[in-house]
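Participant: 3D, please:
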Amino acid sequence: MALDGIFVHSLVKELSLVLAGGRIEKIYQPEGDEMIITIRSKGESVRLLLSASSSNPRAHIVKSAAKENPETPPMFCMLSRKNLLGGRILSVTQPDFERIIKISVETLDELKQKRNIDILIEIMGKHSNIILVDSGTNRILDSIKRIPLSVSSYRQILPGNSYMAPPPQDKLNPLELVDKEEFTSRISSSNSPVFRAIYESFKGISPIVAKEIVHRSSLPFDIHSSQLESRQLDMLFESFDRFFRQIKNDIFSPSIVIDKTTDTLVDFCFTRLTLYSSFSYIESESPSEILETFYMQRDLKERMKQKTINLRKSMSNKLERLQNKVQKQREELLESENAAVYKLYGDLITSYIYMIQPGMESISVSNFFDEEAPLVEIPLEKNRTPSQNAQKYFKKYTKLKTAALELEKQIAITLKEIDYLENIIYSIENCESAFELDEIIEELVKEGLVKSRLKGKPKKKESEKSKVSKPLSFYSSDGLEILVGKNNKQNDILTLKTAAPSDIWLHTKDIPGSHVIIRTGGKKASDTAIAEAAKLAAYHSKARMSANVPVDYTERKNVKKPSGAKPGMVIYESNRTIYVTPSEEDLVAIKKNSPSSDENSTN
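Facilitator: Sure thing, here's the model as predicted:
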């Protein structure tokens, strides 16, 4: 991904144009490493996202719905409000072509004296940070991540310390004058493939941009620098020079590379990447819009994965205990199948009681219940009478027989609990929003599987308690709506309340997954609609990566929820089974059937 110095350069141009002169109205910190600053600029309110996420660090204007904020603002948020609210943005700059954005703010101190504070956003992977610095004294006010001596001996980011920029790189700034001789010397002296030689020699260039420069020179990007001939070095320099003339002239065409077969966002850049000529593109004049489109879902999924680590681990541990429990129950049931042997021993002892002498430890007799009358060796307890030995075996037979019936019931109960937990884990793994996660947690609290809500989560307002998340909506090739539940609460509402009796209900056979409904409008669903809905059911199940997945389907009127059944659990009859192989390509194709499908990309 090319959130490199060049992209930051294009982004800073945009932010400077939009934000300079604006006043800071609001500051929120929805995540531990993320801030939202609302700025009133040129007659409108603009929201600026600053993220020091280790996975997806970035800074850009956002237009998507705001996240839920914590009930109590973090300390860094409160300090930022104290120092920045009401402040006027003087400038947005990029120090030395690095992946650093500097927002200079003019504000008033407690004595109403003017004071300048810099917001520094360092976009550097796991070392990313957001730092407030008093520009008059160069003292750090605070940072969203504090870096003590125990973490870094070179550079401590702590309140009161002098701000020190990240370690300088031994690279040339490509926006400054780079002549052909200097370029050739740098590249030819490298002991690396040519694309690596470029990004190791010049600031602000990511590996993908280096490959793009080489690609535009018509050279293979993996050719070794030492193999380059004079003519090839000339071609490479011409490509490099053209590339950076475009940047110096502020000619940007930000775009995202998209694989249309799977709807996967592959990469992005400040310019159209010709490397990916066989792919499609999403283009925009706004670098912020490109970053928001590329990172929004990626960041949500990453954060949801982090937020659910403990919950997934807890549910997985419970599942493992249940699986061990059912294994033990099955072993006990297998042992109870020997009950008939103990009854036989009792019957034979009774029949041959006259042959048993006091003190005998065993007796070998013919089994006359068997046509071949084989000899049977029967263990005896020498301190018991023959009659007592017989009674001992009869009691053991009765006990095991009773236990077998009870074990069969217990195994059935344990298997249902396993099925339920597998569905819960599937729902957690595919959770896409904090609201959906809340629904799952509330269900688990009611079922007694977790003690209370996650720590630090504010309680829902009364107006929010009646809200429910919505299922996914698709359309078949012939225009029938297909709804897919994403958790047990959605599944229950979808199947038991939303669906009409004549609608078609689908679910993977004996595999955890979503309830799927084809809304038929009272008409017969086509084979095409059933096949497409079955692929959605298989894709939204634990069998997503499998082939020939069995999917049961029947009319909704044949689906019932037993009294006392857990959320999402139903029984059904009069079903048929279809076998399908789910794929990303099929999912994308079905998505395109939607009447509101937005084809906002170009080839």
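
Participant: tell me what the closest residue to residue 282 other than its chain neighbours is bridged to.
Facilitator: The shortest distance from residue 282 to any non-neighbouring residue, by C-beta to C-beta, 6 or more residues apart in numbering, is to residue 256 (4.3 Å). From N, CA and C alone the C-beta is placed, and that goes for glycine too. Beta bridges link residue 256 to residue 268, residue 282, judged by DSSP bridges.

Participant: from residue 268, how far out is residue 282?
Facilitator: 9 Å (C-beta to C-beta, to the nearest Å).

Participant: residue 472 too?
Facilitator: Residue 472 is 26 Å from residue 268, by C-beta to C-beta.

Participant: what count of nearby residues applies to the residue nearest to residue 282?
Facilitator: Residues near residue 256, counting by other C-beta atoms under 10 Å, number 22.

Participant: could you give the average pLDDT over stretch 395-403?
Facilitator: Average pLDDT, stretch 395-403: 87.

Participant: that stretch: how far from the chain's middle?
Facilitator: Mean-position distance between stretch 395-403 and its chain equals 50 Å (C-alpha atoms, centre = their mean, to the nearest Å).

Participant: for stretch 242-249, same thing?
Facilitator: What separates the centre of stretch 242-249 from the centre of its chain is 38 Å, taken as C-alpha atoms, centre = their mean.

Participant: contact partners for the closest residue to residue 355 other than its chain neighbours?
Facilitator: Using C-beta to C-beta, 6+ apart and skipping residues adjacent in sequence, the residue nearest residue 355 is residue 363, 6.6 Å away. Residues in contact with residue 363 (C-beta atoms under 8 Å, 6 or more residues apart in numbering) are 349, 352, 355, 356, 377, 378, 380.

Participant: would you mind listing the buried residues in the helix or strand where the fifth one lies?
Facilitator: Residue 377 belongs to strand 375-379 when assigned by DSSP states H and E. Buried residues in strand 375-379, defined by neighbour count with 16 or more other C-beta atoms under 10 Å: 376, 378.

Participant: C-terminal to it, what's the next element?
Facilitator: Sequence-wise, the next helix or strand downstream of strand 375-379 (DSSP H and E) is helix 386-429.

Participant: now the element after that next one, going C-ward?
Facilitator: helix 434-446.

Participant: counting contacts, what elements does that next one pack onto?
Facilitator: Helix 434-446 sits against helix 287-307, helix 386-429, helix 488-493, with contacts defined as 3 or more C-beta pairs under 8 Å, 6 or more residues apart in numbering; DSSP states H and E.

Participant: adding distance to residue 337, write those helices out as JSON lines.
Facilitator: What follows is the helices and strands packed on helix 434-446, written out as JSON lines (distance: least, C-beta to C-beta, whole Å):
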{"stretch": "helix 287-307", "distance to residue 337": "45"}
{"stretch": "helix 386-429", "distance to residue 337": "7"}
{"stretch": "helix 488-493", "distance to residue 337": "36"}
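
Participant: CSV for these, including mean neighbour count and distance to residue 191?
Facilitator: Listed next are these as CSV, based on neighbours: other C-beta atoms under 10 Å; distance: least, C-beta to C-beta, whole Å:
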stretch, mean neighbour count, distance to residue 191
helix 287-307, 18, 34
helix 386-429, 17, 45
helix 488-493, 22, 57
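
Participant: of all those helices, which one is nearest residue 556?
Facilitator: Evaluated with C-beta to C-beta, the helices and strands packed on helix 434-446 place helix 488-493 nearest to residue 556, the distance being 12.6 Å.

Participant: and the helix or strand that comes right after that closest one, what does it pack onto?
Facilitator: Sequence order places strand 504-508 as the next helix or strand after helix 488-493, per DSSP H and E. On a contact count with 3+ C-beta pairs under 8 Å, 6+ apart, strand 504-508 meets strand 516-519, helix 527-539, strand 549-555.

Participant: relative orientation of strand 504-508 and helix 527-539 in degrees?
Facilitator: 40 degrees (axes from the mean of the first three to the mean of the last three C-alpha atoms, to 10 degrees).

Participant: from residue 511, how far off is the residue located most distally from the centre of the chain?
Facilitator: The outermost residue of the chain, judged against the average C-alpha position, is residue 354 (74.9 Å), by C-alpha atoms, centre = their mean. Applying C-beta to C-beta, the value for residue 354 to residue 511 is 60 Å.

Participant: now swap in residue 173 and tell me
Facilitator: Counting by C-beta to C-beta, the gap from residue 173 to residue 511 is 57 Å.

Participant: how about residue 141, phi and psi?
Facilitator: When read as degrees, to the nearest 10, the backbone of residue 141 gives phi -80, psi -50.

Participant: could you look up the SS state of the nearest residue to it once chain neighbours are set aside?
Facilitator: Excluding its sequence neighbours, the residue lying closest to residue 141 (C-beta to C-beta, 6+ apart) is residue 132, at 4.1 Å. Local secondary structure at residue 132 is given as strand here, using DSSP: H, G, I helix; E, B strand; the rest coil.

Participant: which residues touch residue 132?
Facilitator: Residue 132 sits in contact with 79, 80, 83, 84, 117, 118, 119, 120, 140, 141, 142, 143, where contact means C-beta under 8 Å, 6+ apart.

Participant: pull up the pairing partners for the strand holding residue 377, direction included.
Facilitator: Strand 375-379 is paired, per DSSP bridges, with strand 362-366 (antiparallel).

Participant: quick check, distance from the partner strand to the centre of its chain.
Facilitator: Distance, centroid of strand 362-366 to centroid of chain: 67 Å (C-alpha atoms, centre = their mean).

Participant: for that strand, buried residues please.
Facilitator: Using 16+ other C-beta under 10 Å as the test for burial, strand 362-366 gives 363, 365.

Participant: before we move on, back to that, and the residue nearest to residue 141, how far is that from residue 138?
Facilitator: 12 Å.

Participant: name the nearest residue to the residue nearest the centre of the chain, ignoring sequence neighbours.
Facilitator: In the chain, the C-alpha nearest the mean C-alpha coordinate belongs to residue 301, at 3.5 Å (C-alpha atoms, centre = their mean). Distances taken as C-beta to C-beta, 6+ apart put residue 432 closest to residue 301, at 7.4 Å, once the chain neighbours are dropped.

Participant: for the helix or strand encompassing residue 587, give me every contacting residue.
Facilitator: Secondary-structure assignment from DSSP H and E places residue 587 in helix 584-591. If you take C-beta under 8 Å, 6+ apart as the criterion, helix 584-591 is touched by 260-264, 474-476, 482, 532, 535-536, 539, 597.

Participant: lowest-confidence one in these?
Facilitator: Among those, residue 597 has the weakest pLDDT, 50.

Participant: follow-up on the earlier one: for the residue nearest to residue 355, name its beta-bridge partners.
Facilitator: residue 378.

Participant: adjust the sequence numbering to begin at 37 for everything that follows.
Facilitator: With 37 as the first residue, the last one maps to residue 399.

Participant: got a list of contacts for stretch 446-456?
Facilitator: Applying C-beta under 8 Å, 6+ apart, the contact partners of stretch 446-456 are 355, 358, 359, 361, 362, 365, 366, 369, 548, 602, 604, 605.

Participant: farthest-separated two in these?
Facilitator: 369 and 604 (27.7 Å).

Participant: which of these two has more residues huddled nearby?
Facilitator: Each of residue 369 and residue 604 has its neighbours counted (other C-beta under 10 Å); residue 604 has more, 23 against 18.
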